[in-house]
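Peer 1: From the sequence below, what's the structure:
(chains A and B)
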Number of protein chains: 2
Amino acid sequence: MRGVVLHAPGDVRVEDRDDPRIVAPTDAIIRLTATCVCGSDLWPYRGIQEIDGPTPMGHEYVGIVEEVGRDVRTVRPGQFVVGSFFASDNTCEICRAGYQSRCAHARPVGESGTQAEFARIPLADGTLVATTDVPDADLIPSLLAASDVLGTGWFAAVAAEAGPGKTVAVVGDGAVGLLGVLAAKQLGAERIIAMSRHESRQKLALDFGATDIVTERGDEGVAKIKDMTGGYGAHSTIEAVGTQESMMQAIRSTRPGGHVGYVGVTHGVELPGMELFFSGVHLHGGPAPVRRFLPDLLDLITERTIDPGAVFDLSLPLDRAADAYRAMDDRAAIKALLRP
Amino acid sequence: MRGVVLHAPGDVRVEDRDDPRIVAPTDAIIRLTATCVCGSDLWPYRGIQEIDGPTPMGHEYVGIVEEVGRDVRTVRPGQFVVGSFFASDNTCEICRAGYQSRCAHARPVGESGTQAEFARIPLADGTLVATTDVPDADLIPSLLAASDVLGTGWFAAVAAEAGPGKTVAVVGDGAVGLLGVLAAKQLGAERIIAMSRHESRQKLALDFGATDIVTERGDEGVAKIKDMTGGYGAHSTIEAVGTQESMMQAIRSTRPGGHVGYVGVTHGVELPGMELFFSGVHLHGGPAPVRRFLPDLLDLITERTIDPGAVFDLSLPLDRAADAYRAMDDRAAIKALLRP
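Peer 2: Numbers count the residues shown, from 1 in each chain, chains lettered A, B, ... in the order given. Okay, the predicted model is just below:
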């Protein structure tokens, strides 16, 4: 099969690779209908996160089940499935509490890479959710978004306790931040302030339910949010970047007793204890337990209540993966879908 | 009046000072019935926190209202009152959300020092709670505890979401940690693991409701908590120290999706972003909004449901404040009450 391999920073190749096969009886093999490039794929692409030799890429996926191991009970060949980027058993205490991404048996799906024609999904019963029917083609981007960016933005909004009567600030205008806006809107937030200085992203934020746009960043961005909230700060802040600046911007934008939901994979972040202590905020985040939200998100998508697939502003054949990475790295594209 | 002044690390003196007087129309002057030394007073006493010249000490207090400013409505001379260590208006949005310690007009009561015969309490209506009657003498230590250590331990337990079905780990066996045990018990926690290696503190923890004692610290303490919780970690962890080691011990002792309530005033703490991200815990804490809990805590004390005053294992006249500081610094006393 064809699959994406990162050889070195900036060096993305689409190569012939061995077809994956069932290894454990709980595995499923899926034929990818669509996959995509994640903001977190850009960390190794940019050389900020080291790789240990050629690395198969990708962890977002939707597709048709091709084959299942003998212990798989809840999905069968021919079904269309969406899964999380972390495989989980969905039965341990941590999963039952809704934290499948930190399942006692969690494994990153990215090990074998989903930017490919086929992928092996471990712990299929606890990881994959099948749709009732094979969905219409125009729903594919939205279902693919559910696999990571929508699920992650949704978790951020839940972690930030976005809801009725709340003012929600969103730090980060990538796909996750934008879908955090969508989630906050669906959760009933009163006011949603998207922090963005890019016109196309501002427009999408407004489409998704943002009520205000703030173009300032850092201390100026914080001051602006305070100005807009009676000096108190937002009730809820979504952090969807993962840098020191964005984390501090999120914490400082939030009122005492408010909630910061952070989902940007942190790189080089050190939180100053004393400032955090006196901020009085609630801090919660980490790798999103997408599996918790998948059943509800698939319903919202198939009922056409939400259209998270709008974050894909570039769609390319798998063989042009290098162009997809480049476009996202340049911020020419918000998010690139790949068609195997 | 007589009052405690810290002149330099280790140099505690009881001196003649000016009586406080009403400055703002929202002030009250109280005659202290009892006051005490806080674990946080030991930071400047030990020279870890710098002082800027001779500093009046103390922020915990109960007493009789002596005089009130012309705008004070809810307390009157002759009443017995308990107040928080942060003065708050109790009317702003932050106060109404239950975060009075971060009130838009919050002021530390410690500015004028309550280790004295009299103290000026700003924003009396929003800060003080009067008891129905002047309480029996044996209740004074418990009522004094409500002013800070009980309210702080209670907030930690609430922030850690201690409750029915939960296993709660408590890092720190000072008065706040011990009262965190008491709070977790009152909130209905199923299992309460006190981390302590001091016999007298272990005994008090058990009296307050601890079900288990763990003497290991650091990585060994974390491993022990994991062992006791099916490998997952505690649902709820109370952090009541404020050092790098204790914060990391608390975070690492908590299962993904669990809650860390931290109330130890952090000194030199830097939280590593990546580890926090993958821990998947909820982190909440800061200066406790004691005022939120005072009415309920006073009821529990005057009904004799709880006896938080048991943390005072040393009681001295105010003039012997230096001995009280020394005993707490040596850990010879858990907490020292001072009688003005």
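Peer 1: ok, now how distant is the residue most central in space within chain A from residue A:165?
Peer 2: By C-alpha atoms, centre = their mean, the mean C-alpha position of chain A lies nearest to residue A:149, the distance being 2.4 Å. Distance, residue A:149 to residue A:165, by C-beta to C-beta, to the nearest Å: 27 Å. C-beta here means a position set from N, CA and C on the backbone, and glycine is covered the same way.
Peer 1: Equivalent analysis for residue A:338, please.
Peer 2: Using C-beta to C-beta, one obtains 40 Å as the distance from residue A:338 to residue A:165.
Peer 1: These two: which is more packed in?
Peer 2: Ranked by neighbour count (other C-beta atoms under 10 Å in any protein chain shown), residue A:338 and residue A:165 place residue A:338 first, with 28 against 9.
Peer 1: List the residues that contact the residue nearest to the centre of chain A.
Peer 2: By C-beta atoms under 8 Å, 6 or more residues apart in numbering or on different chains, the contact set of residue A:149 is A:38, A:60, A:175, A:176, A:179, A:308, A:311, A:335.
Peer 1: same question, residue A:129
Peer 2: Shown in contact with residue A:129 (C-beta under 8 Å, 6+ apart): A:81, A:82, A:83, A:291, A:294, A:295, A:298.
Peer 1: quick one: which of those residues is most hemmed in?
Peer 2: In terms of neighbour count, residue A:83 stands highest of the contacts of residue A:129 at 32 neighbours, by other C-beta under 10 Å.
Peer 1: list the contacts for residue A:193?
Peer 2: Counting by C-beta under 8 Å, 6+ apart, residue A:193 touches A:167, A:168, A:169, A:170, A:210, A:211, A:212, A:213, A:214, A:225, A:228, A:234.
Peer 1: quick one: the first one and residue A:235 touch, right?
Peer 2: Think residue A:167. Yes: at 5.3 Å, residue A:167 and residue A:235 qualify as touching, with contact defined as C-beta atoms under 8 Å.
Peer 1: circling back: looking at the contacts of residue A:193, which is nearest chain B?
Peer 2: Nearest to chain B among the contacts of residue A:193: residue A:167, at 11.0 Å, using C-beta to the nearest C-beta.
Peer 1: Just want the phi and psi numbers for the closest one.
Peer 2: Backbone torsions of residue A:167, given as degrees, to the nearest 10, read phi -100, psi 120.
Peer 1: wait, what's in contact with it?
Peer 2: A:189, A:190, A:191, A:192, A:193, A:228, A:229, A:234, A:235, A:236.
Peer 1: Tell me which of the residues you listed fall in helices.
Peer 2: Per DSSP state H, helices hold the following members of the contacts of residue A:167: residue A:228.
Peer 1: Let's have the contacts of residue A:167 in CSV, adding distance to residue A:96 and pLDDT.
Peer 2: As requested, the contacts of residue A:167 are arranged in CSV below (distance: C-beta to C-beta, whole Å; pLDDT from 0 to 100):
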residue, distance to residue A:96, pLDDT
A:189, 28, 98
A:190, 32, 98
A:191, 34, 98
A:192, 31, 98
A:193, 35, 98
A:228, 39, 98
A:229, 37, 98
A:234, 31, 98
A:235, 29, 98
A:236, 26, 98
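Peer 1: Make a ChimeraX selection of the buried ones in the contacts of residue A:167.
Peer 2: Command for ChimeraX, covering only those of those found buried under the criterion 16 or more other C-beta atoms under 10 Å in any protein chain shown:
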select /A:189,191,192,193,228,229,234,235,236
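Peer 1: Now flag whichever of the contacts of residue A:129 is closest to chain B.
Peer 2: Nearest to chain B among those is residue A:291, at 12.9 Å by C-beta to the nearest C-beta.
Peer 1: Now the closest one: closest residue in space that isn't a chain neighbour?
Peer 2: residue A:100 (3.9 Å; C-beta to C-beta, 6 or more residues apart in numbering or on different chains).
Peer 1: Neighbours of the one you found, how many?
Peer 2: When neighbours are counted by other C-beta under 10 Å, residue A:100 registers 30.
Peer 1: returning to what we had before: any idea how far residue A:40 is from the residue nearest to the centre of chain A?
Peer 2: Using C-beta to C-beta, residue A:149 is found at 10 Å from residue A:40.
Peer 1: do the same with residue A:100
Peer 2: Going from residue A:100 to residue A:40 by C-beta to C-beta gives 18 Å.
Peer 1: What of residue A:264?
Peer 2: With distances taken as C-beta to C-beta, residue A:264 is found 9 Å from residue A:40.
Peer 1: likewise residue A:144?
Peer 2: 16 Å.
Peer 1: Who has more neighbours out of those two?
Peer 2: Higher neighbour count among residue A:144 and residue A:40: residue A:144, with 28 against 20, using other C-beta under 10 Å.
Peer 1: where exactly do the strands run in the stretch 1-150 of chain A?
Peer 2: Listed in chain order, the strands of the stretch 1-150 of chain A (DSSP state E, counting those that start in this stretch) span residues A:2-8, A:11-16, A:28-36, A:55-56, A:62-68, A:80-83, A:86-87, A:107-108, A:118-121, A:128-130.
Peer 1: which neighbours does the helix or strand bottoming out on mean pLDDT in chain A have in its sheet, and in what orientation?
Peer 2: The helix or strand of chain A with the lowest confidence, counting by mean pLDDT, DSSP states H and E, is strand A:107-108 at a mean of 89. If you go by DSSP bridges, strand A:107-108 pairs up with strand A:86-87 (antiparallel).
Peer 1: next one: the partner strand to chain centre, how far?
Peer 2: 13 Å (C-alpha atoms, centre = their mean, to the nearest Å).
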